[in-house]
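# with the input below, show me the fold.
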Amino acid sequence: MTEIGFETAKPNSQQELEEVLASSAAELVVTVAYGRLIKLKALQIPRHGWLNLHFSLLPKYRGAAPVQHAILHGETETGVTVFSLDEGMDTGPIYESASISLRGDETAGNVLTHLSHKGADLVMRAIEKIERGIQPIPQIDSEASLAPKITKENAKINWGSGVDHIDRLVRAMNPEPGAWTTFRGERFHISQARKSGTKVGGIGEISISQEIAVSTIDGSLILEEVSLQVRRRCLPRIGFVALASSPVKASCENRCQTAGL
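Now for the predicted structure:
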């Protein structure tokens, strides 16, 4: 394989998708974080079908937020998978996959960036397999788990939880939607923190000395970066009829280090 040309797009409807496919005459489509199920009619248009890059080791964590759920569940390993798209949700047979270890201090944004780089190489290897006529390997459905879309309510901190869980929540929700709590009627997003096994008071109580710590049921969370009324920050989004785009981050208003709260 000497050279491959890519066209990129992100259709917002089924009709727009079919128009893109018709105008591009694409023989193979690669999707990443597209967020829509593809109907059979569109799946059948490209001669060599569709590939999808998914940020988990399928069949684990099928769905919209695989990295966030892997961190939330305390996984020590995750990865990226390239598979042949079908009508199901991340259910198609697998061409390539690669794993990475999780140390327990990563954010979702860190992991997604790492997996995006790995995934680009896997897509190229999957295309080479298609050229050679190598068939993908079916997933084992009995081993599947789900990773549904994360909502803002999912990101709310319950200080009555264990400190390990809250630490994972903060990292899993970074950069979006952002783990949050309220204080004196204002909503604060916590994007960086570290855990401590020492309680500093009753559940939800704040201790301010050289550091700001909030007590949990079994320890405390030391706040390192807090934002007031944070604007929405975007995870990496990649285009449609190929690979595309780099992470786009919005700026934050009233951003402050904990010493300034």
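# got any ranges where the protein has weak pLDDT?
1-5, 229-261 (pLDDT under 70).
# redo that, cut-off 80
For the chain, residues meeting the criterion pLDDT under 80 lie at 1-6, 229-261.
# residue at max distance from the center of the protein?
residue 209 (35.1 Å; CA atoms, centre = their mean).
# do you know how far that one is from residue 216?
Separation of residue 209 from residue 216 (CB to CB, to the nearest Å): 18 Å. Every residue, glycine included, has its C-beta placed from N, CA and C.
# residue 228 too?
Counting by CB to CB, the gap from residue 228 to residue 216 is 22 Å.
# same check on residue 44?
Per CB to CB, residue 44 is found 52 Å from residue 216.
# got it, and residue 61?
Look at residue 61 and residue 216: by CB to CB, they are 26 Å apart.
# and residue 190, by the same measure?
13 Å.
# please apply the same query to residue 78.
Residue 78 is 25 Å from residue 216, by CB to CB.
# surely residue 114 is within a helix?
Yes: the assignment for residue 114 by DSSP: H, G, I helix; E, B strand; the rest coil puts it in a helix.
# excluding sequence neighbours, find me the nearest residue to it.
Leaving aside its sequence neighbours, residue 114 sits nearest to residue 100 (CB to CB, 6 or more residues apart in numbering; 6.3 Å).
# isn't there a strand covering the one you found?
Yes: assessed with three-state DSSP, residue 100 lies in a strand.
# tally of neighbours for it?
Using other CB atoms under 10 Å, residue 100 has 14 neighbouring residues.
# that one contacts residue 117, correct?
No: here residue 100 lies out of contact with residue 117, judged by CB atoms under 8 Å, at a distance of 10.5 Å.
# in contact with residue 154: list those residues for me.
Listed by CB atoms under 8 Å, 6 or more residues apart in numbering, the contact set of residue 154 reads 173, 177.
# how many neighbours does residue 61 have?
27.
# equivalent analysis for residue 102, please.
Residues near residue 102, counting by other CB under 10 Å: 18.
# any buried residues in the longest strand belonging to the chain, and which?
In the chain, ranked by residue count with DSSP state E as the criterion, the top strand is strand 186-196. Residues 188, 189, 190, 191, 193, 195, 196 are the ones in strand 186-196 that count as buried (16 or more other CB atoms under 10 Å).
# that one: what's the following helix or strand?
strand 206-208 (DSSP states H and E).
# same for that next one, what does it pack against?
strand 212-215 (3 or more CB pairs under 8 Å, 6 or more residues apart in numbering; DSSP states H and E).
# contacting residues around the strand it packs on?
Strand 212-215 has contacts (CB under 8 Å, 6+ apart) with 159, 181, 196, 199-207, 220-223, 258-259, 261.
# could you give me the PyMOL syntax to select whichever of those residues are buried?
Buried residues within the contacts of strand 212-215, as defined by 16+ other CB under 10 Å, are selected in PyMOL through the command that follows:
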select buried, resi 159+181+196+199+200+220+221+222+223+258
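# quick one on the thing from earlier: which one's more surrounded, residue 228 and residue 216?
residue 216 (26 against 15).
# got the contact list for that one?
Neighbouring residues of residue 216 by CB under 8 Å, 6+ apart: 159, 160, 161, 162, 163, 166, 199, 203.
# which stretches of the chain form helices?
14-24, 40-43, 66-72, 108-131, 163-172 (DSSP state H).
# out of those helices, which comes closest to residue 53?
helix 108-131 (4.6 Å; CB to CB).
# buried sites along the closest one?
108-112, 114-116, 118-119, 122-123, 126-127, 130.
# returning to what we had before: what's the closest of the buried residues of strand 186-196 to residue 33?
residue 191 (21.2 Å).
# okay, that closest one and residue 208: tell me how far apart.
19 Å.
# roughly how far apart are the nearest residue to residue 48 once chain neighbours are set aside and residue 208?
Spatial nearest neighbour of residue 48, chain neighbours left out: residue 28 (4.2 Å); criterion: CB to CB, 6+ apart. Distance, residue 28 to residue 208, using CB to CB: 57 Å.
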